[in-house]
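Chemist: sequence first, then the predicted structure, then my questions.
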Amino acid sequence: MPRVSFPGVPIEVKADFIRAGAETSKSVSSPWIDLRPEAWPLSRPAKFLYLDDAMGMGLAVRLADGTWLNTAYAKPAQDGFWTSQSTVSLGLSALVLSIIAALAARGIARPLRRLATAAEALGRGQEIAPVPETGPDDIRRTSEAFNRMQARLHRFVDDRTRMLAAIGHDLRTPLTSLRLRAEFVPDQEAREKMLATISEIQTMAEATLAFAREEATAESTRTVDLAALVESLCDDLVELGYDVSFSEGQRISYRCRPDSLRRACRNLVENAVRYGERARVSIERRVDSIDIVVADDGPGIPETAKEQVFAPFYRIENSRNRETGGVGLGLSIARTIVRRHGGDIILDNAQRGLRATISLPPLDSAASVNRSTGEGREDVTAAANPAAAGLAPAS
């Protein structure tokens, strides 16, 4: 086979090709394969050779003058999959996919986080704007359902408040008429009993109106020094002659409706003084709650009545004497206020007296503890003034 040149062909392919030609010239059995007519369209004979080591092939075509035209094609084998090119390509693909996944996850997580924040605020009784109905289909439908639920809750509360106010208001006229009729009863003993009963009903009606007004009042939330708020309440009650003491503790900044929370604390403290002779008030910060504790030296309450005392117009003291107690709305109002802050009131009998605890949820995102005793009292100036707040004594 004549000498030929292989421009651009790897050296190993040249060697295989030359070796195959030499073996062809020396041996009858040749690695060259004669191409059949159906695989080769030209009339001139041609031979084909596999170059396995170099992933290539050789082709020899006999020309008209008897010489052979030799051609070779080879594709050098790669060292492996993890080449520099494949590594860079895979890294860029992973980076692009990570960015797309991060953006998609953010688009899903942001509406969910906004919805969770709104649900927590609604549970605390705060006035919140409707949640934007954006995001994926499932998140958008959830936001729409949350907004409808919020509107229904507000409508339900408003209807109940208006109903209570209407009942309390409408009772005034017939009670006044009954009082006038009772004045003309000739029997003095019967007249006094009738007037006492009418007075009791009127007091309950006035308490119902006060409760309805409390529910209808849309007080805005703000951050106050909780310890300063409670301490100022205790100081005011001490000036009124109540036996109340407050234990100094750490300063806690808390976001709440201060006028309402002050009223709830006042109801508990006045109940403690009325039934337990004195009240000891303290604030305890726990891992999962912030507790306002009101302890007294009274007889406590039966275990079976711990839940009943929160029912409206329920009193353990059955004399219905307004000198020894109100109409039974004090604890009910206090629990309503605390639950609207996301907390609850817990009653426990101690070795001596009753321990009433206002347990409030911690506000880690908005609350901070300041152990300095001089900071934070300016935040509660309006809340610490009962005249400005328009607070009534506990019922």
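Modeler: Nice, I can see it.
Chemist: which one is Thr71 nearest to, not counting chain neighbours?
Modeler: Using Cβ to Cβ, 6 or more residues apart in numbering and skipping the chain neighbours, the partner closest in space to Thr71 is Leu59 (4.8 Å). C-beta: built from backbone N, CA, C; applies to glycine.
Chemist: for the stretch 51-200 of the chain, give me the ranges with low pLDDT.
Modeler: 52-54, 76-81, 125 (pLDDT under 70).
Chemist: roughly how far does Gln202 sit from Met57?
Modeler: According to Cβ to Cβ, to the nearest Å, Gln202 and Met57 sit 112 Å apart.
Chemist: what is the burial count for the residue nearest to Thr71?
Modeler: 16 (other Cβ atoms under 10 Å).
Chemist: helix/strand/coil for it?
Modeler: Recorded secondary structure, Leu59: strand (DSSP: H, G, I helix; E, B strand; the rest coil).
Chemist: surely it touches Tyr50?
Modeler: No - contact between Leu59 and Tyr50 fails when scored by Cβ atoms under 8 Å: they sit 11.0 Å apart.
Chemist: which neighbours do these two share?
Modeler: Common contact partners of Leu59 and Tyr50 (Cβ atoms under 8 Å, 6 or more residues apart in numbering): none.
Chemist: now do the contacts for the residue nearest to Thr71.
Modeler: 46-49, 70-73.
Chemist: from those residues, pick the one nearest Ile337.
Modeler: Set against Ile337, the nearest of the contacts of Leu59 by Cβ to Cβ is Tyr73 (89.2 Å).
Chemist: which parts of the stretch 201-350 of the chain are strands?
Modeler: Secondary structure of the stretch 201-350 of the chain by DSSP state E, counting those that start in this stretch: the strands cover 222-225, 244-246, 251-256, 279-285, 290-296, 344-349.
Chemist: out of the ones you listed, flag the one nearest Glu206.
Modeler: That would be, of the strands of the stretch 201-350 of the chain and by Cβ to Cβ, strand 344-349, which comes in at 23.7 Å.
Chemist: give me the three-state assignment for Ala64.
Modeler: Under three-state DSSP, Ala64 falls in the coil class.
Chemist: could you measure from it over to Arg44?
Modeler: In terms of Cβ to Cβ, Ala64 sits 8 Å off from Arg44.
Chemist: name the residue in these two with the higher neighbour count.
Modeler: Using other Cβ under 10 Å, the more surrounded residue of Ala64 and Arg44 is Arg44, with 10 against 6.
Chemist: so who does the more buried one touch?
Modeler: 61-64.
Chemist: go with 10 Å
Modeler: For Arg44, the contact set (Cβ atoms under 10 Å, 6 or more residues apart in numbering) comprises 61-64, 69.
Chemist: just the element for it, please.
Modeler: Using DSSP states H and E, Arg44 maps to neither a helix nor a strand.
Chemist: roughly how far does it sit from Val244?
Modeler: On the measure of Cβ to Cβ, Arg44 and Val244 end up 120 Å apart.
Chemist: repeat for Asp138
Modeler: 53 Å.
Chemist: quick one, which of these two is more surrounded?
Modeler: Higher neighbour count among Asp138 and Val244: Val244, with 22 against 11, using other Cβ under 10 Å.
Chemist: thinking that one is in contact with Asp235, fair?
Modeler: Yes - assessed by Cβ atoms under 10 Å, Val244 is found in contact with Asp235 at 8.5 Å.
Chemist: give me the number of residues near Asp296?
Modeler: So Asp296, with other Cβ under 10 Å, has 25 neighbours.
Chemist: which residues does it contact?
Modeler: Asp296 touches 243, 268-269, 271-280, 350, 352-356, counting by Cβ under 10 Å, 6+ apart.
Chemist: ok, and for the strand or helix carrying Val157, which residues are buried?
Modeler: Following DSSP H and E, one finds Val157 within helix 137-170. Going by neighbour count (16 or more other Cβ atoms under 10 Å), the buried part of helix 137-170 is 139, 142-143, 146-147, 150, 161, 164-165, 168.
Chemist: tabulate those (a markdown table), appending distance to Arg36.
Modeler: Output for these, formatted as a markdown table (distance: Cβ to Cβ, whole Å):
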| residue | distance to Arg36 |
| --- | --- |
| Ile139 | 67 |
| Thr142 | 71 |
| Ser143 | 73 |
| Phe146 | 77 |
| Asn147 | 78 |
| Gln150 | 83 |
| Thr161 | 99 |
| Leu164 | 103 |
| Ala165 | 105 |
| Gly168 | 109 |
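Chemist: of those, closest to Pro31?
Modeler: Checking those one by one against Pro31 (Cβ to Cβ), the nearest turns out to be Ile139, at 68.3 Å.
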